[in-house]
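In: quick check, what structure comes out for this input:
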Amino acid sequence: MHASYDVRRVNHSVEYKAEDGANVNQAESYFSRLRRAEIGQHHRISGHLLYQYAKCGYRRSAGQSEEPGLDRLLAPGRRMTASKDQVVSGLIDKRRELAGIIDALQRQLDQHRADLTHIDGVLRVLATDLDPETIRPKRAYRRNRYFARNELSRLCLGALRTAAGKLLSTDEIAGRVIAAKGFDVGDAILRAAIREQVGSTVKRQHRNGAIENIGAGRSSRWRLAGS
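Out: Below is the predicted model of the structure:
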């Protein structure tokens, strides 16, 4: 290096910088930027490409663009306004769509509330001893693409019934349900989706007293009540 570069030294045990101004601030700053780029952006630097990474680090430390042509593309007056306008236009259209959906749902909700008020008024006239506020809301049934209404409940009970008192995990019940429906047993995504639905179903059946639960969390096991 001495043959090709002007090399100077600073003895940090004596001074922060030499009398001629020589210091290692730039070298330490450059190395720090290169290391941060490796840790946070590149994650791994190949040896044969080290020069390219080092050049990017130098450009960053010198306040230059890492891509030679990027400064020209981002020059004043060439900010890719066409692309920006397209993004803004798309966001405006999406917002209008969502606002329309919210407005329609709000009108529907207002109508339902008005209907509920009228029904409560009639109930107070026809059944004076009944407080409509004490009537529990009926849960809206959400149909899914895998099972008909109440089909999953029947399949879960059937799986526990054929287990003959053996404790089954939620995943084991899901596996038997998948087999009973003739679904692909090797489809991990399908199994995870059905396992989640089975978990909700067996918990509801447990609250209703139809099945018993042993354990908690992932170690939970299920069986028919009284078996």
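In: all helices of the chain, in order?
Out: Counting by DSSP state H, the chain has helices at residues 25-37, 50-61, 70-73, 81-126, 151-162, 170-181, 188-207.
In: let me see the mean pLDDT of the fourth one.
Out: Translated: helix 81-126. For helix 81-126, the mean pLDDT works out to 87.
In: the second one now?
Out: What helix 50-61 shows for mean pLDDT is 63.
In: cool, and the last one?
Out: Computed over helix 188-207, the mean pLDDT rounds to 90.
In: and what of the fifth one?
Out: Within the predicted structure, the mean pLDDT of helix 151-162 is 92.
In: for His12, which of the helices of the chain is the nearest?
Out: With CB to CB as the criterion, His12 lies closest to helix 25-37 of the helices of the chain, at 11.2 Å. In short, each C-beta sits where N, CA and C put it, glycine included.
In: buried set for that closest one?
Out: Neighbour-count burial for helix 25-37 flags Tyr30, Leu34, Ala37 (criterion: 16 or more other CB atoms under 10 Å).
In: next one: stretch 215-227
Out: For stretch 215-227, using 16+ other CB under 10 Å, the buried residues are Ser220, Trp222, Arg223.
In: and what of stretch 201-212?
Out: Thr201, Val202, Gln205, Ala210, Ile211, Glu212.
In: got the end-to-end distance for stretch 20-27?
Out: Criterion CA to CA, to the nearest Å; first-to-last residue distance in stretch 20-27 is 17 Å.
In: number the chain from 873, please
Out: Sure, I'll start counting at 873 from here, so that last one is stretch 892-899.
In: give me the contacts around that stretch.
Out: Arg880, Arg881, Val882, Tyr888, Lys889, Ser933 (CB atoms under 8 Å, 6 or more residues apart in numbering).
In: now, the most widely separated pair of the residues you listed?
Out: The span of these, defined through CB to CB, is set by Arg881 and Ser933 at 21.5 Å.
In: which one's more surrounded, those two?
Out: Ser933 (16 against 7; other CB atoms under 10 Å).
In: closest one of the buried residues of stretch 1073-1084 to Ser961?
Out: Thr1073 (45.7 Å).
In: who's in contact with that closest one?
Out: Counting by CB under 8 Å, 6+ apart, Thr1073 has contacts Leu1024, Ser1025, Cys1028.
In: can I get these in CSV including distance to Val994 and neighbour count?
Out: Below are the contacts of Thr1073 laid out as CSV (distance: CB to CB, whole Å; neighbours: other CB atoms under 10 Å):
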residue, distance to Val994, neighbour count
Leu1024, 37, 20
Ser1025, 34, 16
Cys1028, 40, 25
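In: domain parsing for the protein?
Out: Domains of the chain are assigned by automatic domain parsing as 897-943, 1023-1096.
In: run the chain-centre distance for stretch 990-1008.
Out: Mean-position distance between stretch 990-1008 and its chain equals 43 Å (CA atoms, centre = their mean, to the nearest Å).
In: just the CA atoms of it, as CSV, please.
Out: Taking C-alpha atoms only, stretch 990-1008 is exported to CSV below (Å, rounded to 0.1, in the frame of the first residue of the first chain):
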residue,chain,number,x,y,z
HIS,A,990,-90.7,-1.6,15.7
ILE,A,991,-90.6,-5.3,16.7
ASP,A,992,-89.7,-4.4,20.3
GLY,A,993,-92.7,-2.0,20.4
VAL,A,994,-95.1,-4.7,19.2
LEU,A,995,-93.6,-7.2,21.7
ARG,A,996,-94.1,-4.8,24.6
VAL,A,997,-97.7,-4.4,23.6
LEU,A,998,-98.5,-8.2,23.1
ALA,A,999,-96.3,-9.5,25.9
THR,A,1000,-96.2,-7.0,28.7
ASP,A,1001,-94.2,-9.2,31.0
LEU,A,1002,-91.4,-9.6,28.4
ASP,A,1003,-88.4,-7.3,28.1
PRO,A,1004,-87.1,-7.5,24.5
GLU,A,1005,-83.6,-6.4,25.7
THR,A,1006,-83.3,-9.8,27.5
ILE,A,1007,-83.6,-11.8,24.3
ARG,A,1008,-80.2,-13.0,23.2
